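# what follows is a predicted protein model with its sequence.
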Amino acid sequence: MDIDTRLEVLEKVFGIYDDFSRNLDVACKRFCDQCCTPNVTMTTLEGYLIAENMISDGKSDLFEKVKTATSKKRFQPKTTTNRLADLCIKGMDIPDEENDFTGGSCPLLKDHECPVYRVRPFGCRCFVSKHDCREKGYADVDPFVISVNSVFLQFIEHVDYKGFSGNLADVLILMASQENRHNYRINTLKNPHSGLIANMPIKVLMIPPEHRIKIKPILNVLESIKESEPSW
């Protein structure tokens, strides 16, 4: 699948999720940045999209802010969503993920707003809460929404199965390089061993039994993208 097709598929996946989330009862609104932490993860496909837009929009200076963030403690995942699903179905041990993170805000954030909001990664799009996180200190996410989010994460990783996943800062610093973006476009990008992990295609979907009927319409729409893209 060439880069243009991958980006087109990603845009369609984002659109499907936006349609889904538009009807959710959530408290999230403009200037609410409680969940905009330095611990967001994403794929290289999403990082490529953001980097290209930062450059074309004259916001290349944001790379310096992101570079500063790489010197600080942040969440760096040890396994991807599809790898996690594969380990679960095989009954294998799941790597422990460190969950004691320092506070702080996303390195891209400016005046409580996201300068790349239009092309923000799925990890930002899917974090929604039924109440204001600033008031209670935590998010309240419906269990079905969590199941839907997991499926979308799996599909996005599948589209980028020749790429990598990692912390937002690590992925963006990788994509700040013109050479890396070029290599990514032609599927020759190598893992620089900077906290990034290899993606993998979907082998099994992580959907709890109680959500399998309700989620079927969403799966049908996602599957329709696969049918329209022979190179998927």
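All right, it came through fine.
# in the host helix or strand of Asn220, what counts as buried?
Of the helices and strands defined by DSSP states H and E, Asn220 is found in helix 216-228. Residues of helix 216-228 classed as buried: Ile218, Leu222, Ile225 (neighbour count, 16 or more other CB atoms under 10 Å). C-betas here are computed from N, CA, C, even on glycine.
# run through the residues that contact Asp160.
Counting by CB atoms under 8 Å, 6 or more residues apart in numbering, Asp160 touches Arg6, Thr43, Thr44, Leu45, Glu46, Asn199.
# need the residues that contact the helix holding Asn220.
Under CB under 8 Å, 6+ apart, the answer for helix 216-228 is Val9, Lys12, Val13, Ile16, Phe20, Val148, Val151, Phe152, Phe155, Leu205, Trp232.
# and which of the buried residues of helix 216-228 is nearest Ser177?
Using CB to CB, Ile225 comes nearest to Ser177 of the buried residues of helix 216-228, at 29.9 Å.
# how close does the closest one sit to Cys126?
Going from Ile225 to Cys126 by CB to CB, to the nearest Å gives 18 Å.
# other residues contacting stretch 111-125?
13-14, 17-18, 21, 30-31, 33, 35-36, 40-43, 46-47, 49-50, 53-54, 59, 62, 106, 108, 152-153, 156, 168.
# follow-up on the earlier one: report the buried members of the contacts of helix 216-228.
Val9, Lys12, Val13, Ile16, Phe20, Val148, Val151, Phe152, Phe155, Leu205.
# nearest residue to the second one in space, please, no chain neighbours.
Spelled out, it's Lys12. Ile225 (5.4 Å; CB to CB, 6 or more residues apart in numbering).
# who touches Ser71 in this structure?
For Ser71, no contacting residues are found, by CB under 8 Å, 6+ apart.
# gap between it and Ser150?
31 Å.
# which helix in the protein has the most residues?
Taking DSSP state H as the criterion, the chain has its longest helix at helix 3-21.
# from the contact counts, what lies against that one?
Counting contacts by 3 or more CB pairs under 8 Å, 6 or more residues apart in numbering; DSSP states H and E, helix 3-21 is packed against helix 44-56, helix 122-125, helix 143-159, helix 216-228.
# mind telling me which of the ones you listed the model trusts least?
Per-stretch mean pLDDT for the helices and strands packed on helix 3-21 is lowest at helix 216-228 (a mean of 88).
# tell me what angle that helix forms with helix 143-159.
Counting by axes from the mean of the first three to the mean of the last three CA atoms, to 10 degrees, helix 216-228 lies at 10 degrees to helix 143-159.
# quick one: low-confidence ranges for the protein?
Counting by pLDDT under 70, the chain shows low-confidence ranges at 27-31, 99-103, 129-138, 227-232.
# rewinding a little: what residues sit buried inside the longest helix of the chain?
Quick answer for helix 3-21 (16+ other CB under 10 Å): 3, 6-10, 12-14, 16-17, 20-21.
# before we move on, what about stretch 180-188?
Buried-residue list, stretch 180-188, by 16+ other CB under 10 Å: Asn180, Arg181, Tyr184.
# off-centre distance for it?
19 Å (CA atoms, centre = their mean, to the nearest Å).
# got the contact list for it?
So stretch 180-188 is contacted by Ile3, Thr44, Tyr48, Ala51, Glu52, Lys162, Gly163, Leu174, Met175, Leu189, Lys190 (CB under 8 Å, 6+ apart).
# most widely separated two among the residues you listed?
Greatest spacing in the contacts of stretch 180-188, by CB to CB: Glu52 and Lys190 (20.0 Å).
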